[in-house]
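Trainee: Sequence first, predicted coordinates after that:
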Amino acid sequence: MTRTPDTPIALYIHWPFCVSKCPYCDFNSHVRDAIDQAGWRSALLADLAHEAERLPGRSLGSIFFGGGTPSLMPPGTVADLIAAATRHWTPAADLEITLEANPSSVEAARFADLARAGVNRLSLGMQAFDDAALRFLGRAHDAREGLAALDVAMARFARVSFDLIYARPYQSMADWEAELARALSFGTGHLSLYQLTIEPGTRFETLVRTGELIPADADHAATLFELTQAMTDAAGIPAYEVSNHARRGEESRHNLTYWRYGDYAGIGPGAHGRRQGLATVRHRKPENWLAAVARRGDGLQSEDALSPAEQAREALLMGLRLAEGIVPDALAARFGLPVEALLDARQVRLLTTAGLMEGRDARLRVTPQGMLLLDSILAAIVEV
């Protein structure tokens with residue numbers, strides 16, 4: 001778990017613009033009538049250079065273009081950012097470059113150019129295969145368009161993942177079983193399968209508050225989660241994180257950097273980063289971020305030093321999301337803290353007896369049954 005200057009870093013690039021705002025989305029996404037593409041290219045390159053100056057001499061393991069809808073970025077801008085990142089840092093031989101895309105026909109038409117720009121992994125926001133469900137979720141594509149975009153993606157990129165949202169209101173067990181079986185039939189090496197959650201500040205939260213939307217029952221959602229684990233396990237694409245499933249070797253290396261608490265640089269509006277014990281946050285509103293870059297060459301809103309205890313807490317909260325779990329002794333050594341300062345040993349024993357956690361080969365992990373109660377488990381055991 002120890003991080004050294006030789007450990008590859010990850011780079012996150014945030015593109016904040018979308019065609020429309022989905023009612024479930026609490027990400028930093030915005031709708032704008034016009035975008036100064038040249039200005040955005042220059043600002044992102046400047047923000048990237050700022051981070052590179054503060055992480056010199058490192059190797060680069062992954063780049064992730066997230067959003068928003070980064071498939072709306074000009075492929076030339078994507079290419080320029082990749083080229084700059086690989087000049088600033090030494091790229092790994094197997095550098096993973098992921099871009100999130102919506103499965104519309106307009107964006108699918110850009111896939112070939114994005115592949116030529118250097119993207120080698122596409123994450124497709126399918127969300128559902130049913131037109132009625134897509135309308136409910138506020139998506140701009142229909143099922144036919146989505147499937148056509150998936151075909152194009154699989155032809156253009158060596159690695160493809162796509163997202164689905166389940167536990168939607170009135171979605172039966174049979175409905176989800178059929179939808180997930182269809183998803184597994186495409187043979188992608190990675191799937192992100194998220195339960196619908198009602199996030200603060202979203203349109204769905206307003207509808208729930210006014211009684212116009214009734215979320216899925218918690219027990220029913222738990223049953224769907226268990227079905228998901230069983231079906232993905234049987235298909236050889238098990239969960240390696242709470243909501244992410246992959247064949248062996250197909251895990252998102254970028255996201256593993258987060259979950260294993262490695263250093264990562266985050267640029268663009270609202271992007272977060274962790275570098276050498278510092279927590280970085282960029283200005284969230286696009287116009288504020290642009291103004292900050294123009295004024296001083298970076299989009300930083302804050303840059304705060306984290307104590308060893310704060311870092312250890314974050315590492316625990318992230319690491320226990322993974323099926324592989326954590327190595328408590330290694331974490332304690334990394335942050336210079338005793339193990340008993342990290343975890344409530346009594347609670348760990350109780351949860352282990354209940355079958356919700358297990359310790360094996362120096363590792364501590366949450367069991368598949370425990371993942372249903374992950375938030376409660378973390379609140380009970382994390383001391384720091």
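Mentor: Sure thing, it's come through. Numbers count the residues shown, from 1 in each chain.
Trainee: residue ranges of the strands in the stretch 51-200 of the chain, please?
Mentor: In the stretch 51-200 of the chain, the segments counted as strands under DSSP state E, counting those that start in this stretch are 59-67, 90-101, 121-127, 159-166, 190-195.
Trainee: who wins for proximity to residue 268 among these?
Mentor: With distances scored as C-beta to C-beta, the stretch of these nearest to residue 268 is strand 59-67 (8.6 Å). C-beta: built from backbone N, CA, C; applies to glycine.
Trainee: Give me the average confidence score over that closest one.
Mentor: What strand 59-67 shows for mean pLDDT is 97.
Trainee: From the centroid of this structure, which residue is nearest?
Mentor: When C-alpha atoms, centre = their mean is applied to the chain, the residue found nearest the centroid is residue 255 (6.0 Å).
Trainee: Kindly format the C-alpha coordinates of the helix or strand hosting that one as PDB.
Mentor: Residue 255 is located in helix 253-259, with elements delineated by DSSP states H and E. The C-alpha coordinates for helix 253-259 follow below in PDB (Å, rounded to 0.1, in the frame of the first residue of the first chain):
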ATOM      1  CA  ARG A 253      -7.200   0.700 -13.700                       C
ATOM      2  CA  HIS A 254      -8.100   4.400 -13.300                       C
ATOM      3  CA  ASN A 255     -10.800   3.800 -10.700                       C
ATOM      4  CA  LEU A 256      -8.600   1.300  -8.900                       C
ATOM      5  CA  THR A 257      -6.200   4.200  -8.300                       C
ATOM      6  CA  TYR A 258      -9.000   6.000  -6.400                       C
ATOM      7  CA  TRP A 259     -10.100   2.900  -4.500                       C
END
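Trainee: residues in contact with residue 318?
Mentor: Contacts for residue 318 were tallied using C-beta atoms under 8 Å, 6 or more residues apart in numbering; they are 258, 259, 260, 261.
Trainee: can I get those in JSON lines with pLDDT, distance to residue 302 and neighbour count?
Mentor: Listed next are the contacts of residue 318 as JSON lines, based on pLDDT from 0 to 100; distance: C-beta to C-beta, whole Å; neighbours: other C-beta atoms under 10 Å:
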{"residue": "258", "pLDDT": "97", "distance to residue 302": "19", "neighbour count": "19"}
{"residue": "259", "pLDDT": "97", "distance to residue 302": "23", "neighbour count": "22"}
{"residue": "260", "pLDDT": "97", "distance to residue 302": "24", "neighbour count": "16"}
{"residue": "261", "pLDDT": "97", "distance to residue 302": "20", "neighbour count": "22"}
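Trainee: re earlier: just checking, what packs against the helix holding residue 255?
Mentor: strand 9-15, strand 59-67, strand 90-101, helix 308-319 (3 or more C-beta pairs under 8 Å, 6 or more residues apart in numbering; DSSP states H and E).
Trainee: Which helix or strand lies directly C-terminal to it?
Mentor: Once helix 253-259 ends, the next helix or strand along the chain (criterion: DSSP H and E) is strand 264-267.
Trainee: Of all the residues in that next one, which ones are buried?
Mentor: Going by neighbour count (16 or more other C-beta atoms under 10 Å), the buried part of strand 264-267 is 264, 265, 266, 267.
Trainee: likewise stretch 55-64?
Mentor: 55, 58, 60, 61, 62, 63, 64.
Trainee: Tell me which residues are up against it.
Mentor: 5-13, 81-82, 85-86, 88-92, 95-99, 253-255, 257, 263, 265, 275-276.
Trainee: which other helices and strands contact the helix-or-strand element of the chain with minimal mean pLDDT?
Mentor: Scoring the helices and strands of the chain by mean pLDDT, DSSP states H and E places helix 105-108 at the bottom, with a mean of 81. Packing contacts for helix 105-108, counted by 3+ C-beta pairs under 8 Å, 6+ apart, involve helix 143-156.
Trainee: Show me what the helix it packs on is packed up against.
Mentor: Where contact means 3+ C-beta pairs under 8 Å, 6+ apart, helix 143-156 is packed against helix 105-108, helix 111-117, strand 121-127, helix 131-136, strand 159-166.
Trainee: Using a markdown table, lay out the ones you listed together with distance to residue 76 and mean neighbour count.
Mentor: Shown next, in a markdown table, are the helices and strands packed on helix 143-156 (distance: least, C-beta to C-beta, whole Å; neighbours: other C-beta atoms under 10 Å):
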| stretch | distance to residue 76 | mean neighbour count |
| --- | --- | --- |
| helix 105-108 | 16 | 19 |
| helix 111-117 | 7 | 18 |
| strand 121-127 | 18 | 25 |
| helix 131-136 | 30 | 16 |
| strand 159-166 | 23 | 22 |
